[in-house]
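S.K.: structure for this input, please:
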Amino acid sequence: MNSPQKSDTSPSSGALRRAAVALTLATFVVGCGEGQKPPGAPPPPPVTVAKPVKREVFDFDEYVGRFVAVNSVEVRARVSGYLEGVHFKDGQTVKQGDLLFTIDKRPFQNAVDQARANVTQAKSNLSFTEADYTRGQQLVRDKTITDQTFEQRSQAFRNAQASVSNAEAAQRTSELDLEFTELRAPINGRIGDRRVSPGNLVTGGATGNTTLLATIVSTDPIRFEFTFDETSYLRYERLAKTGQDIASRGAGTKVSLKLIDEAEFVHDGSIDFVDNVIDRATGTIRGRAVFGNSNGVFTPGMFARVRVPASPAYEALLVPDAAIGTEQARKFATVVNADNAIAPKYVTLGQVMPDGMRVIKEGLSADDRVVVNGLMRARPGQKVTPQEQGAAPAAPGGPPQGAK
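M.R.: Predicted structure coming up:
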């Protein structure tokens, strides 16, 4: 009879089992890790670069001013009388010679009729005295009348001639007064509202108490007046003395203008006047430009901004204004060097052109690759992948219009 087998419970056998389990787990872990590789470094971020654009530009100064009418007339009566009629609508455009007001003509017509009658009477008297004078010439030669009598007839003839001249002058005056009962537009322009209604007595004449009936201002062309400081005036004058007439007293300098609701300087005009004195209170001098106003948008008293050229033409490098960064008080452009690494370049800025390009006066060269897109991904010293951008289009013809 066989005896029952005893289980192996020795310490050596338990250690062997634990070692086998540990070896199996280690083999499993190693086998799982063989398919994973450590992550590599990310590729350099892409940025868009462009070389500065060469362009002929001008420097400009900007000033605020107001429009003023070339001609402004207060319509006042030359004769006194009752206003009979108004022949325009308030605010309408009138032409030179258009009838505006009429004053009651009857008293003036009566004065004209009376003056004409006086002329007729004076001429009749002149005819009589002339005939008497002619007869007296023969009678005095025949010694029929005395010299004294002849002198009396001669004097009467001369007095009659003077009476005719006086009566004719009075007739012309009365006819002028009759003509002045019709008030006509002296200029082309826009008339304001009537200040007096028909039926009112208006005072005329050459005194300062005449009645204002309406005002007329010309609209096309129109003037724009502005002031600039003494420093700018000196700069303009010195440029003019070197043969570069920018905005001095030489008429014809081209300027541009924009209204308060416009984004660009789209209206073209020219300077026609610079004052001859500097205001001692403000240290400024008055300038004036002329603009066409065929559509009537410009109105006397309206505010606007004007750009005046402040330098002769020169060739400059331009980059998009959005590519310029700020570091405290300094401005810089981000460029990509030969190693495709980011490097800032501090620059001196000029004007901003209407197409958004910024003039760079110092700090960049024509071969620099300026980052124009992707600035948030560019850090100094960081490697990047530059992507070239096409050249910016040239500015339209004529002087570029930038803001200093």
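S.K.: give the buried residues for the longest helix seen in the chain.
M.R.: Residue-count comparison of every helix in the chain, with assignments taken from DSSP state H, identifies helix 106-141 as the longest. Judged by neighbour count (16 or more other Cβ atoms under 10 Å), helix 106-141 contains these buried residues: 108, 111-112, 115-116, 118-119, 122, 125-126, 129, 133, 136, 140. No exception for glycine: its C-beta is placed from N, CA and C like everyone else's.
S.K.: for these, point out the one with the lowest pLDDT.
M.R.: In terms of pLDDT, the lowest of those is residue 140, showing 78.
S.K.: quick revisit: ok, then the element right after the longest helix of the chain?
M.R.: helix 147-179 (DSSP states H and E).
S.K.: do you know the pLDDT at the spatially most central residue of the chain?
M.R.: For the chain, the residue whose C-alpha lies nearest the mean C-alpha position (Cα atoms, centre = their mean) is residue 257; its distance is 3.3 Å. At residue 257, the predicted lDDT confidence score is 93.
S.K.: how about the one 4 residues further on?
M.R.: Looking at residue 261, its pLDDT reads 90.
S.K.: just residue 178 next, same as before
M.R.: Model confidence at residue 178, given as pLDDT, is 94.
S.K.: for the nearest residue to it once chain neighbours are set aside, what are its contacts?
M.R.: Counting by Cβ to Cβ, 6 or more residues apart in numbering, residue 108 is the residue found nearest to residue 178 once chain neighbours are left out, at 4.2 Å. If you count contacts by Cβ atoms under 8 Å, 6 or more residues apart in numbering, residue 108 has them with 79, 81, 174, 177-178, 181.
S.K.: of those, keep whichever come out buried.
M.R.: Neighbour-count burial (16+ other Cβ under 10 Å) applied to those gives 79, 81, 174, 177-178, 181.
S.K.: got those residues as TSV, with distance to residue 213 columns?
M.R.: TSV is the format used below for the buried ones among the contacts of residue 108 (distance: Cβ to Cβ, whole Å):
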residue	distance to residue 213
79	12
81	12
174	22
177	17
178	18
181	13
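S.K.: ok, which pair from these is furthest apart?
M.R.: Spanning the widest gap among the buried ones among the contacts of residue 108 are 81 and 174, at 13.6 Å by Cβ to Cβ.
S.K.: and the angle from the longest helix of the chain to helix 147-179?
M.R.: Compare the direction of helix 106-141 with that of helix 147-179 by axes from the mean of the first three to the mean of the last three Cα atoms, to 10 degrees and you get 160 degrees.
S.K.: looking at the contacts of residue 108, spot the one nearest residue 285.
M.R.: residue 79 (43.4 Å).
S.K.: wait, doesn't that closest one sit right on residue 102?
M.R.: No - using Cβ atoms under 8 Å, residue 79 and residue 102 do not qualify as a contacting pair, with a distance of 11.5 Å.
S.K.: what sits in contact with each of those two?
M.R.: A shared contact of residue 79 and residue 102, defined by Cβ under 8 Å, 6+ apart, is any residue touching both; here these are residue 181.
S.K.: in stretch 285-305, which residues are buried?
M.R.: Of the residues in stretch 285-305, those buried under the neighbour-count criterion (16+ other Cβ under 10 Å) are 285-291, 293, 298, 300, 304-305.
S.K.: need phi/psi at residue 54.
M.R.: Residue 54 adopts backbone torsions of phi -90, psi 130, taken as degrees, to the nearest 10.
S.K.: report the beta-bridge partners for it.
M.R.: Listed beta-bridge partners, residue 54: residue 317 (assigned using DSSP bridges).
S.K.: hang on, the earlier thing: quick one: which of the buried residues of stretch 285-305 is nearest residue 69?
M.R.: Of all those, residue 300 has the smallest distance to residue 69: 4.5 Å, by Cβ to Cβ.
S.K.: now do the same for the closest residue in space to that closest one that isn't next to it in sequence: its pLDDT.
M.R.: Residue nearest to residue 300 in three dimensions, not counting chain neighbours: residue 69, with 4.5 Å by Cβ to Cβ, 6+ apart. Among the per-residue scores, residue 69 shows a pLDDT of 94.
S.K.: residue 223 is in contact with residue 69, correct?
M.R.: Yes - counting by Cβ under 8 Å, residue 69 does reach residue 223; the two are 7.2 Å apart.
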